[in-house]
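**Q** below are the sequence and a predicted model; questions follow.
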Amino acid sequence: MTTKTFTFTRPFRLDEVEHEIPAGAYRVETEEETMDNVSFVAYRRVATHIFLPLSGGPGGSEMFVIHPEGLTRAVMLDRARALEAPV
């Protein structure tokens, strides 16, 4: 399991989440397993999760299973928008 924090400077969308996600820092966990029957150590991604705060109040979070390519697109779009104009 690896954990990374992704920071977005503007609101963004992911296909798996019905609503727009506000700008902020979000924890993303990638679960991997070792691949058997290979002569070297290799890992296969099993799932990628993003944790979003619950809209009802502070403290809790909701986990969404997401596709890593969608996250990559959202990060790249956020970076491109940050270069275009101030928030």
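**A** Cool, the structure landed.
**Q** packing partners of the helix or strand encompassing Lys4?
**A** Using DSSP states H and E, Lys4 falls within strand 2-8. Applying 3 or more Cβ pairs under 8 Å, 6 or more residues apart in numbering; DSSP states H and E, we find strand 2-8 packed against strand 24-34, helix 68-84. To be clear about C-beta, it is placed using only N, CA and C from the backbone, and glycine gets the same treatment.
**Q** got any ranges where the chain has weak pLDDT?
**A** 56-57, 85-87 (pLDDT under 70).
**Q** before we move on, the earlier item: okay, buried residues for the strand holding Lys4 please.
**A** The neighbour-count check on strand 2-8 (16 or more other Cβ atoms under 10 Å) flags Phe6, Phe8 as buried.
**Q** likewise for stretch 63-83?
**A** Ile66, Gly70, Leu71, Ala74, Asp78.
**Q** now distance to Arg27 too, for the residues you listed, in CSV please.
**A** As requested, those are exported to CSV (distance: Cβ to Cβ, whole Å):
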residue, distance to Arg27
Ile66, 12
Gly70, 16
Leu71, 12
Ala74, 15
Asp78, 16
